[in-house]
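K.L.:
make a model of this:
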Amino acid sequence: MTAVTAIGNRRGVDGVALACIAVTVLTWASAFVAIRVGLRALAPVELAAARYLGAALPAGLYLVLRHRTVPDLRTLGRLAVIGLLFITIYATLLNTGELTIAAGPASFILNTMPVFVAVMAATLLGERFGAGGWIGTALSFAGVALIAAGDAAGLHLDTGAVLILGSAVCAAVASILQKPLLARMPALAVMAWVLILGALPFLLVLPSTIGALAAAPAAVNASVLYLVLAPTTIGYATWAVVLKRLPAGRASNFLYCVPPTATLIGFVWLGETPTTLGLIGAAMALAGVAVVNVTRRR
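P.N.:
This next block holds a predicted model:
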């Protein structure tokens, strides 16, 4: 959910920006919990299809009303690759991982995405990445390992954590690929195209998705509708507003609030109680991301 980046201006955090930050954090944090509810009746790929095919409709409407110009073939090709990574593969991996990983730990694992962005930027773009960056990276991965290795049932390797880590890698690659596009296209237009193109492969499972939704209980259908409207449609829109009003680096700092918020919502909504080992791992993962970002900006 943090792959969209842009360059904002240097104004302070005004009321509009603060409100949009709050909406973004709450909706993106609650998405992890809503996914857990949706997985009670839908397969991971079906849940992804319901969420993103639904979100592709308002995205298409936005493009028709605001950006009718179709990008050139080269740009469309890049957008399609980004959509495949950030929507199709990302959502399938995340949903599959959340079959066994609770909402809070899942959000902490996914929040390692900036670490992958920093490593890729250093490797591919020549950006600075010193000893502090590697220390932060090691700290984050050690935290993820703790989350993956322990829960209430004791120590074991949870492949769900590995899959969610894979979704973070997909989001990081998408972030690197879209940087050139954001220099010449509005952030919302880029996201709209990514949503539409990334949702297209899910048409293959549309019949089974419709059948699963028809047979699902009301709570599951409500969670799917919530995923379409709040985290995907509204959350991305409010984040774009934040990026227009604040520098990207400053705006991204607020996303550190997403994992703790997801943990709290998971506890209130689903009664998911984090283990001591999981809390230690979560703290290490978040601290590692902070170290990487601070080191990278110096």
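
K.L.:
so where is the stretch 1-150 of the chain shaky, pLDDT-wise?
P.N.:
When residues are selected by pLDDT under 70, those of the stretch 1-150 of the chain lie in 1-13, 125-129, 148-150.

K.L.:
if we go to 50?
P.N.:
Across the stretch 1-150 of the chain, the stretches falling below the confidence threshold (pLDDT under 50) are 2-11.

K.L.:
and the helices in it, which stretches?
P.N.:
Taking DSSP state H, counting those that start in this stretch as the criterion, the stretch 1-150 of the chain carries its helices at 15-38, 44-66, 73-83, 90-97, 103-110, 113-124, 131-149.

K.L.:
of those helices, flag the one that's most buried.
P.N.:
Across these, the average number of neighbours (mean count of other Cβ atoms under 10 Å) peaks for helix 103-110, which reaches a mean of 30. Where you see a C-beta, it was placed from the backbone N, CA and C, and this is true even at glycine.

K.L.:
Ala168 contacts Pro114, doesn't it?
P.N.:
No. Here Ala168 lies out of contact with Pro114, judged by Cβ atoms under 8 Å, at a distance of 9.1 Å.

K.L.:
reformat the helices of the stretch 1-150 of the chain into JSON lines and put distance to Ala192 next to each item.
P.N.:
As requested, the helices of the stretch 1-150 of the chain are exported to JSON lines (distance: least, Cβ to Cβ, whole Å):
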{"stretch": "helix 15-38", "distance to Ala192": "17"}
{"stretch": "helix 44-66", "distance to Ala192": "4"}
{"stretch": "helix 73-83", "distance to Ala192": "10"}
{"stretch": "helix 90-97", "distance to Ala192": "17"}
{"stretch": "helix 103-110", "distance to Ala192": "22"}
{"stretch": "helix 113-124", "distance to Ala192": "21"}
{"stretch": "helix 131-149", "distance to Ala192": "31"}
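
K.L.:
and those helices: which comes nearest Thr233?
P.N.:
helix 44-66 (5.2 Å; Cβ to Cβ).

K.L.:
for the closest one, name the packing helices and strands.
P.N.:
Using 3 or more Cβ pairs under 8 Å, 6 or more residues apart in numbering; DSSP states H and E as the contact definition, the elements that helix 44-66 packs against are helix 15-38, helix 90-97, helix 187-199, helix 206-215, helix 218-227.

K.L.:
Gly104 is nearest to which of these?
P.N.:
Sorting the helices and strands packed on helix 44-66 by Cβ to Cβ, the top spot, which is the nearest, belongs to helix 15-38 at 7.4 Å.

K.L.:
which neighbouring elements make contact with the closest one?
P.N.:
In terms of contacts (3+ Cβ pairs under 8 Å, 6+ apart), helix 15-38 is packed against helix 44-66, helix 90-97, helix 103-110, helix 218-227, helix 235-245, helix 258-270.

K.L.:
let's see that with 6 Å instead.
P.N.:
Helix 15-38 makes packing contacts with helix 103-110, helix 218-227, helix 235-245, helix 258-270 when contacts are defined by 3 or more Cβ pairs under 6 Å, 6 or more residues apart in numbering; DSSP states H and E.

K.L.:
measure the nearest residue to Gly104 once chain neighbours are set aside to Pro274 for me?
P.N.:
Excluding the flanking residues, the one nearest Gly104 by Cβ to Cβ, 6 or more residues apart in numbering is Thr263, at 3.1 Å. Using Cβ to Cβ, to the nearest Å, one obtains 6 Å as the distance from Thr263 to Pro274.

K.L.:
relative to Ser208, which of the helices of the stretch 1-150 of the chain is closest?
P.N.:
When the helices of the stretch 1-150 of the chain are ranked by proximity to Ser208, the top entry is helix 44-66, at 6.1 Å, counting by Cβ to Cβ.

K.L.:
what's next to the closest one, contact-wise?
P.N.:
Counting by Cβ atoms under 6 Å, 6 or more residues apart in numbering, the neighbours of helix 44-66 from elsewhere in the structure are 38, 87, 91-92, 95-96, 192, 195-196, 199, 202, 205, 209, 212, 224, 227-228, 232-233.

K.L.:
got the angle between it and helix 218-227?
P.N.:
Direction vectors for helix 44-66 and helix 218-227, defined by axes from the mean of the first three to the mean of the last three Cα atoms, to 10 degrees, enclose an angle of 40 degrees.

K.L.:
now the angle from helix 44-66 to helix 90-97?
P.N.:
150 degrees.

K.L.:
just the CA atoms of helix 44-66, as PDB, please.
P.N.:
What follows is helix 44-66 as a C-alpha-only set of coordinates in PDB (Å, rounded to 0.1, in the frame of the first residue of the first chain):
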ATOM      1  CA  PRO A  44      -6.800 -15.600  -1.500                       C
ATOM      2  CA  VAL A  45      -7.000 -15.000  -5.300                       C
ATOM      3  CA  GLU A  46     -10.800 -14.600  -5.200                       C
ATOM      4  CA  LEU A  47     -10.600 -12.000  -2.400                       C
ATOM      5  CA  ALA A  48      -7.900 -10.100  -4.500                       C
ATOM      6  CA  ALA A  49     -10.200 -10.300  -7.500                       C
ATOM      7  CA  ALA A  50     -13.200  -9.000  -5.700                       C
ATOM      8  CA  ARG A  51     -11.200  -6.100  -4.100                       C
ATOM      9  CA  TYR A  52      -9.300  -4.900  -7.200                       C
ATOM     10  CA  LEU A  53     -11.900  -5.500  -9.900                       C
ATOM     11  CA  GLY A  54     -14.300  -3.600  -7.700                       C
ATOM     12  CA  ALA A  55     -11.700  -0.800  -7.300                       C
ATOM     13  CA  ALA A  56     -11.000  -0.700 -11.000                       C
ATOM     14  CA  LEU A  57     -14.500   0.700 -11.700                       C
ATOM     15  CA  PRO A  58     -14.000   4.000  -9.900                       C
ATOM     16  CA  ALA A  59     -10.500   4.200 -11.200                       C
ATOM     17  CA  GLY A  60     -11.800   3.900 -14.700                       C
ATOM     18  CA  LEU A  61     -14.400   6.500 -14.000                       C
ATOM     19  CA  TYR A  62     -11.800   8.900 -12.700                       C
ATOM     20  CA  LEU A  63      -9.700   8.500 -15.900                       C
ATOM     21  CA  VAL A  64     -12.700   9.100 -18.100                       C
ATOM     22  CA  LEU A  65     -13.600  12.200 -16.200                       C
ATOM     23  CA  ARG A  66     -10.200  13.700 -15.500                       C
END
